[in-house]
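Engineer: Next comes the sequence, and after it the predicted model I'd like to discuss.
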Amino acid sequence: MAHHLFRIAVSAACAVLLSLGCSGFASAATDTRAAEAIRVKDLGKMQGWRDNALIGYGIVTGLAGTGDSPTNRTTRQALANVFSQFNLTVTADQVQSRNVAVVMVTSSLPTFAREGDALDVTITSAGDARSLVGGALLLTPLKAANGRVYALAQGPLTVGGYRYDANGNVVQKNHPTVGSIPNGANVEVSLPGTQENRRSITFVLQDPDYTTATRVAAAINSQVGEGLAEAHDAAGIDIQIPEAFRERPVAFFSRLENVLVDPDRRARVIINERTGTIVSGGDVRISQVAVSHGDLRVTVDADTSVSQPALLNRPGQGVRTAIVTNSRVDVNEPQGTGFVSANNTVADLVQSLTRLKTNTRDIISILRAVKAAGALHAELIVQ
């Protein structure tokens, strides 16, 4: 009887331990999934949220003789127009200054810019000015594609270079005909709200993917409200705004941004041949493949010498100076050839090639060959 009770107690204890162990594994798996989850706001943006390009035509003054040449009719006419606004009658033919340059001014108006916000502007020379160093931009209106003025730019330029020339000698650093003005423009007209009085919105993914779009819609329905989201295509998810949030959509958007989603990752391998950089996901898989890599170096050296007959006493008529070239060819081939057999991930293949002391350039060539062999199951992007 006692032995039977002991077996029951042991069985109960094992069941408790097994239950605790399973719950521990379940908790660890949940933590892993939570760690991989990403907020919706990091996967894309609401449709209609975009920056608006602004452009203007202005004048930079105060240059130390490095502006547009006097033969530039555009600059002379622009400066004469400026003088006319201050009741100065100066014809374009009378403008002969080299301290002025005609420029194009560009900036970007954010989605939610308000009146008085400061914008960074970029200034580029539109004439034949040699340098914009030391110049200041006069008041320039910045227009959008609809022709409406949204910002005004003005201020001293910041140029990350210089150019000085004298007597045919030129010293130049970077591009002195391009400058910028941090916070050099003020917004005069704000953009209207893009989400006001709407019953639905569309969330757009940065990287279109059907699986990710479906997961985003499912996560919104489970964490915000059932039946609110539906994947329209690989990039867009249509979301209905609940009646309770119609008057305060900002609170609803805040909840949407913080919905956690486990996005699907597309297998990609990025190769930059100029810098020798390889970037790949750690789980990008390859099929069974064998890589044999050898190295053969051929070196050709040439030694040139001169045979001078002037050192001879009374050389003959056919004796003259001759240039003699002696060539030497060296062939260096390693004793063994590197052999790699891989059937796992790109990371394992690269690690194995690194152990063989294979340089980055050769690894790039091997990865391209593996892709051509059909063993690399990823998109290979060569930059």
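Structural biologist: All right, it came through fine.
Engineer: CA only for contacts and neighbour counts going forward, please
Structural biologist: Will do.
Engineer: what about the closest residue in space to Leu260 that isn't next to it in sequence, neighbour count?
Structural biologist: Distance criterion C-alpha to C-alpha, 6 or more residues apart in numbering; nearest residue to Leu260, sequence neighbours excluded, is Arg39 at 4.6 Å. Arg39: 16 surrounding residues under other C-alpha atoms under 10 Å.
Engineer: ok, now which ones touch Arg39?
Structural biologist: Residues in contact with Arg39 (C-alpha atoms under 8 Å, 6 or more residues apart in numbering) are Glu257, Asn258, Val259, Leu260, Val261.
Engineer: Could I get the pLDDT score of it?
Structural biologist: At Arg39, the model reports a pLDDT of 90.
Engineer: and what of Ala118?
Structural biologist: Reported pLDDT for Ala118: 94.
Engineer: Pull the number of nearby residues for it.
Structural biologist: By the criterion of other C-alpha under 10 Å, Ala118 has 19 neighbours.
Engineer: try the one 3 residues further on
Structural biologist: Under the neighbour criterion other C-alpha under 10 Å, Val121 is assigned a count of 22.
Engineer: On the pLDDT front, check it for me.
Structural biologist: pLDDT, Val121: 95.
Engineer: What of Thr214?
Structural biologist: Confidence at Thr214, expressed as pLDDT, is 92.
Engineer: Leaving out chain neighbours, which residue sits closest to it?
Structural biologist: Nearest non-adjacent residue to Thr214 (C-alpha to C-alpha, 6+ apart): Ala231, at 5.7 Å.
Engineer: Give me the phi and psi angles of that neighbour.
Structural biologist: phi -70, psi 120 (degrees, to the nearest 10).
Engineer: so it sits right up against Ala219, yeah?
Structural biologist: No. Under the criterion of C-alpha atoms under 8 Å, Ala231 is not in contact with Ala219, lying 11.4 Å apart.
Engineer: ok, back up a step: out of the contacts of Arg39, which is most surrounded?
Structural biologist: For the contacts of Arg39, neighbours tallied by other C-alpha under 10 Å; top is Val261, 23 neighbours.
Engineer: could you measure that residue against Gly179, distance?
Structural biologist: The gap separating Val261 from Gly179 is 42 Å, by C-alpha to C-alpha, to the nearest Å.
Engineer: And Pro156, by the same measure?
Structural biologist: 10 Å.
Engineer: Gly155: what's it in contact with?
Structural biologist: Contacts of Gly155 by C-alpha under 8 Å, 6+ apart are Ala136, Leu137, Leu138, Leu139, Ile181, Gly184.
Engineer: how about the last one, secondary structure?
Structural biologist: Think Gly184. Following DSSP: H, G, I helix; E, B strand; the rest coil, the label given to Gly184 is strand.
Engineer: cool, and the third one?
Structural biologist: At Leu138, secondary structure determined by three-state DSSP is strand.
Engineer: What strand or helix carries the nearest residue to it once chain neighbours are set aside?
Structural biologist: Nearest residue to Leu138, sequence neighbours excluded (C-alpha to C-alpha, 6+ apart): Gln154, at 5.4 Å. Here Gln154 is covered by strand 149-156, with elements defined by DSSP states H and E.
Engineer: One more: Arg361?
Structural biologist: Judged by DSSP H and E, Arg361 forms part of helix 360-372.
Engineer: gap between that helix and the chain center?
Structural biologist: The chain centre lies 24 Å from the centre of helix 360-372; the measure is C-alpha atoms, centre = their mean, to the nearest Å.
Engineer: What ranges does the stretch 201-350 of the chain have for its strands?
Structural biologist: 229-231, 236-240, 260-261, 268-272, 277-280, 289-293, 297-307, 322-332, 338-342 (DSSP state E, counting those that start in this stretch).
Engineer: The stretch 51-200 of the chain: strands as residue ranges?
Structural biologist: Listed in chain order, the strands of the stretch 51-200 of the chain (DSSP E, counting those that start in this stretch) span 52-61, 100-109, 118-125, 136-143, 149-156, 162-166, 169-173, 178-187, 200-205.
Engineer: So which of those strands is the most surrounded?
Structural biologist: Greatest average neighbour count among the strands of the stretch 51-200 of the chain goes to strand 100-109 (a mean of 24), per mean count of other C-alpha atoms under 10 Å.
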